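In: Any chance you can model this:
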Amino acid sequence: MGRHTTASHQIAAPLAAESVADAGALRLRLALRGVGLFVVCASIALSIQWNRIIPLNAAWGWGGDEGQMLWNLWVVHQGALHGHNPLITDQVFFPAATNLTHHSLGSGYLPVTVLADLFSGHDPLYPFIALRLGTWLCSTLCLLFTYLVLRYLGYTLLEAAIPGVGYAFSSFNGHHLHLTLLSGWFVPLDALMALRWWRAPTPARATAAAFCFGIGVYFSEFSLFCAVALGFACIVVCCRREGRQALRQRLRATGLPGAIVACVVAVAVAAPFLVTFAKADPVVLPDIQEHRDMSSDLFGPLIPTYMSRQGPATLLYGHLFERFDARVRTGYESFLGFPLLLLAAIGMLRRRQNPAVVNGAAILALIFYILTLGPTLHVRGHDTVMYMPYMLFINLPPFNIQRGPVRLVVFLGFFMAIVAAHGAARLRQGIAGASAQCSGSSGQHQWRNRAGAAVLAATLVWAYAESFNPHPAFATYLPPAAIARLKTGDEKSRTPLACLPIFDTDGYSEMLEIFHHRPILAGYLARLTPKQKEICFAFKNAYSRGPQQYSRYIKACGADTVIVADGAPNSFYTPPCSFLADLAGRVELVDVRSVKPKFVGEFGDHHLTNGEPSDAPGTFEVEGGKDLPLSCPAGADRLELLASSNAQYDLALLSHGQPVIGLTALPTLIAPQGGLQWRCLYFPPTVFDTIRIVPHERNSISTVGRLTAWASPTVTIKPE
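Out: Down below sits the predicted model:
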């Protein structure tokens, strides 16, 4: 027996070694295939969205959502770098600690930011590089995981590629700047992990799926909606007897210990976020009107986008659908793409013959389509009084925090992609015919198969072409030179700054923190607490009462410097040049505006102190038709009027006694109760020597403190 055992070992040993070698070679081939697939997806993403990625240190530079996302990346990196909780910061609403778990932060992209910082040699623009790389990574992963889901369901390369491209580069993903919204790649990733568990329900696969669900909270606000989608999927499965039986079998196969371990892993991974979230102060939730305003139109998914300021969203259709898109609200987010819609329609033909997973995906797509419509129905841009099922969820988390029902198009598009993949398979089979049953020659079989593949290839080209975004590429960003004037040494590093305009700059003032690192007294966050709302109101009130009160207020808050940025014309909280001229003598101004108007002429010398007419000795009463001498021989294109807040005027600019232009001094958007305020009037460059001011009939006599004329640097009018 010993000799037989030895012989068997001598035979088994080489076989075992050969088996291990084969397994190692298989793993290597799979790894190389995975890397190759990632490279292909990254190349496709770069070829479609190159103008959003290259150059890496580029930005629009106007702030907005992009500026806020850049600040998000920077503040998370700074918190981790100094050993602090990156979900809490005092860089906004200083000196209080601001909890950022209600804010769209994207802290999961910290590794990308760290690598951008290291490989750029600590370039101050590293958050810009991280945002460009993050955008590229999100597009790549969305395409990769969607393709893998469809391949896992058994569809061929072309059948999976068409919906993958159409979904990954849909209108929603092509126009957003927040990585938290571009992180919709968690939808196909979570679906892939859930499908793997469904096919082979082991504790290890359940744990892997739970890990992906848990870690998603650091990347995207969609992570919580992934749990909602999973709940809807379970309901759809349980609607059929066979589905309930299959679900019970898989739960038994996973076992109670395996399910407990999976839940523990999900909670443990998300615990830092969940604990910080639990400690956060309650935020002011969006009201129903905000949900209405950010809902999809009934026809939104069907109409290609035309961006009013930037032209058509795709070169393929140009202005063809401009007239239709003009009547659809929030359509730029919800359009799914014609190839996806067409193939999905084909996939639903003879639905009784469809696999259960396709019909289930169709039901889930319908559910999320209805949810994107929001609390009330909008049809071709018109509001209706018809309440939608979204009203059932509007006060429940996570719906009550997320104010944009239209954003659920991310889930609608994914489930439509599954139906579209089935439609692509049905289209190919319809063209190829039942080859096995066909009585024709083998050459005819091959021709029909090639024709089916050619049609799918043409559809893939169509989906690819539809995804192109023709907008110009970003320009390399250069921070304002005036930022270098800010003192940022140790003695000033924690001295806060105030910012003007109030809120109109959106994320711009936060973006500038990347370069000066000093905290600001207010801020712009996705969700504000009642206390932060009060702080914002206090800043508005101090501003509305003039430079003296505003400077006193910010000094009391510890600031001695104000950053002045570009703002929206005619907005009450965009400071007039006269306001800034008065403020300059009270605090240090760092003017980063792209256009700095030039002083031209002035009538009156009153400087607003506390905004009350009774405390304004330099004011005078204006009667109808009174002419005020204010000579502007070099021309002006802006007039600023300091007058009663409850009055309205008509003005005429005269030259040698003849009117050259008429103006209407419109009331401001937000007027304080009583007192004086500025009105900013913009007009074509004009030479004048007199202003005729006529109060409206109901304001026959009004208080006026000052009239100041300004000219933009580009105004070059020669005197008469």
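
In: Ser104: what secondary structure?
Out: coil (DSSP: H, G, I helix; E, B strand; the rest coil).

In: From what I see, it and His178 are in contact.
Out: Yes. Ser104 is within contact range of His178, at 5.7 Å (criterion: C-beta atoms under 8 Å). From N, CA and C alone the C-beta is placed, and that goes for glycine too.

In: Overlap of the contact sets of the two?
Out: Common contact partners of Ser104 and His178 (C-beta atoms under 8 Å, 6 or more residues apart in numbering): Gln68.

In: Now for the chain, the helix or strand with the poorest mean pLDDT.
Out: Lowest on mean pLDDT, DSSP states H and E among the helices and strands of the chain sits strand 311-312, with a mean of 59.

In: next helix or strand past that one?
Out: Using DSSP states H and E, the next helix or strand after strand 311-312 towards the C-terminus is helix 322-325.

In: Let's test this: mean pLDDT of that following helix, rounded?
Out: Mean pLDDT, helix 322-325: 76.

In: now the strands for the stretch 451-600 of the chain?
Out: 475-476, 498-500, 561-564, 588-591, 598-603 (DSSP state E, counting those that start in this stretch).

In: I'd like to know which of the ones you listed lies nearest to Asp582.
Out: Evaluated with C-beta to C-beta, those place strand 588-591 nearest to Asp582, the distance being 10.8 Å.

In: dump the residue contacts of the spatially most central residue of the chain.
Out: In the chain, the residue lying closest to the centroid (C-alpha atoms, centre = their mean) is His178, at 3.8 Å. Listed by C-beta under 8 Å, 6+ apart, the contact partners of His178 are Asp65, Gln68, Met69, Ser104, Gly106.

In: Can you name the residues that contact the residue nearest to it when sequence neighbours are not counted?
Out: Distances taken as C-beta to C-beta, 6 or more residues apart in numbering put Met69 closest to His178, at 5.2 Å, once the chain neighbours are dropped. By C-beta under 8 Å, 6+ apart, the residues touching Met69 are Gly106, Leu131, Leu177, His178, Leu179, Thr180, Gly507.

In: The same query, at a cut-off of 10 Å, please.
Out: Taking C-beta atoms under 10 Å, 6 or more residues apart in numbering, we find Met69 in contact with 59, 104-106, 109, 127, 130-131, 134-135, 176-182, 507, 510-511.

In: same question, Leu589
Out: Leu589 sits next to Ala482, Arg485, Leu500, Thr561, Val562, Ile563, Val564, Leu580, Ala581, Leu583 when contact means C-beta under 10 Å, 6+ apart.

In: what do you get if the cut-off is 6 Å, keeping everything else the same?
Out: The contact partners of Leu589, taken as C-beta atoms under 6 Å, 6 or more residues apart in numbering, are Val562, Val564.

In: Begin at 58, not 1, for the rest of this chat.
Out: Fine by me, first position is 58 from now on; the one you just mentioned is Leu646.

In: how much space between it and Pro604?
Out: According to C-beta to C-beta, to the nearest Å, Leu646 stands 11 Å off from Pro604.

In: what does Ala489 give?
Out: Here the criterion is C-beta to C-beta. By it, Ala489 lies 77 Å from Pro604.

In: Between those two, which is the more surrounded one?
Out: Per other C-beta atoms under 10 Å, whichever of Ala489 and Pro604 has more neighbours is Pro604, with 23 against 19.

In: State the pLDDT value of the more buried one.
Out: 86.

In: Which parts of stretch 330-338 count as buried, going by neighbours?
Out: Using 16 or more other C-beta atoms under 10 Å as the test for burial, stretch 330-338 gives Phe330, Thr333, Ala337.

In: which of those residues lies closest to Ala402?
Out: Nearest member of the buried residues of stretch 330-338 to Ala402, counting by C-beta to C-beta, is Phe330, at 40.3 Å.

In: Mind checking the pLDDT average for the host helix or strand of that closest one?
Out: Assigned by DSSP H and E, Phe330 falls within helix 313-336. Averaged over helix 313-336, pLDDT sits at 94.

In: Give the next helix or strand downstream of that helix.
Out: helix 345-350.

In: CA atoms only for that next one, dumped as CSV, please.
Out: Extracted in CSV, the C-alpha atoms of helix 345-350 (Å, rounded to 0.1, in the frame of the first residue of the first chain):
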residue,chain,number,x,y,z
ILE,A,345,-42.6,71.8,-2.2
GLN,A,346,-42.0,74.6,-4.7
GLU,A,347,-38.3,73.7,-4.9
HIS,A,348,-39.3,70.1,-5.7
ARG,A,349,-41.7,71.4,-8.3
ASP,A,350,-39.1,73.6,-10.0
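
In: and that helix, how far from the chain's centre?
Out: Using C-alpha atoms, centre = their mean, to the nearest Å, the mean C-alpha position of helix 345-350 is found 17 Å from that of the whole chain.

In: and if you look at stretch 637-646?
Out: Here the centre of stretch 637-646 is set off from its chain's centre by 35 Å, with C-alpha atoms, centre = their mean.

In: likewise stretch 694-711?
Out: 38 Å.

In: So which bits of it are buried?
Out: 694-706, 708-711.

In: mind checking the end-to-end distance for it?
Out: By C-alpha to C-alpha, to the nearest Å, the extent of stretch 694-711 from end to end equals 14 Å.

In: now do stretch 568-586
Out: One end of stretch 568-586 to the other measures 21 Å (C-alpha to C-alpha).

In: Could you give the average pLDDT over it?
Out: Averaged over stretch 568-586, pLDDT sits at 91.

In: can you give me how far it is from the chain middle?
Out: Computed by C-alpha atoms, centre = their mean, the chain-centroid distance of stretch 568-586 equals 17 Å.

In: before we move on, what about stretch 513-520?
Out: Put simply, stretch 513-520 sits 29 Å off its chain's centre (C-alpha atoms, centre = their mean).

In: and if you look at stretch 96-107?
Out: Centroid separation between stretch 96-107 and its chain, computed with C-alpha atoms, centre = their mean, is 21 Å.

In: buried stuff in that stretch?
Out: Of the residues in stretch 96-107, Cys98, Ala99, Ile101, Ala102, Ile105, Gln106 count as buried by neighbour count, 16+ other C-beta under 10 Å.

In: what's the answer for stretch 163-172, then?
Out: Gly163, Ser164, Gly165, Tyr166, Leu167, Val169, Thr170, Val171.

In: that older thread, which one among the contacts of His235 gets closest to Ala419?
Out: Ser161 (30.5 Å).

In: Let me know how buried that closest one is, in neighbour terms.
Out: Residues near Ser161, counting by other C-beta under 10 Å: 19.

In: can you pull the contacts of it?
Out: The contact partners of Ser161, taken as C-beta under 6 Å, 6+ apart, are His235, Thr237, Glu278, Ala583.

In: and the third one, how many residues sit next to it?
Out: Number of residues near Glu278 (other C-beta under 10 Å) recorded here: 23.

In: Could you check how far it is from Asn457?
Out: Separation of Glu278 from Asn457 (C-beta to C-beta): 13 Å.

In: try the second one
Out: When C-beta to C-beta is the yardstick, Thr237 and Asn457 sit 18 Å from each other.

In: Neighbour count: those two, which is higher?
Out: The neighbour count for Thr237 versus Asn457, taken as other C-beta under 10 Å, is higher for Thr237 (24 against 13).

In: Against Leu331, how distant is the more buried one?
Out: Thr237 is 17 Å from Leu331, by C-beta to C-beta.

In: rewinding a little: packing partners of the helix holding Phe330?
Out: helix 260-272 (3 or more C-beta pairs under 6 Å, 6 or more residues apart in numbering; DSSP states H and E).

In: Only C-alpha atoms, please: export the helix it packs on in PDB.
Out: Taking C-alpha atoms only, helix 260-272 is exported to PDB below (Å, rounded to 0.1, in the frame of the first residue of the first chain):
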ATOM      1  CA  PRO A 260     -22.000  35.100   2.200                       C
ATOM      2  CA  ALA A 261     -18.900  36.500   0.400                       C
ATOM      3  CA  ARG A 262     -20.900  37.900  -2.400                       C
ATOM      4  CA  ALA A 263     -23.500  39.300   0.000                       C
ATOM      5  CA  THR A 264     -20.700  41.000   2.000                       C
ATOM      6  CA  ALA A 265     -19.200  42.400  -1.200                       C
ATOM      7  CA  ALA A 266     -22.600  43.900  -2.300                       C
ATOM      8  CA  ALA A 267     -23.100  45.400   1.200                       C
ATOM      9  CA  PHE A 268     -19.600  46.900   1.100                       C
ATOM     10  CA  CYS A 269     -20.400  48.700  -2.200                       C
ATOM     11  CA  PHE A 270     -23.800  50.000  -0.800                       C
ATOM     12  CA  GLY A 271     -22.100  51.200   2.400                       C
ATOM     13  CA  ILE A 272     -19.100  53.000   0.800                       C
END
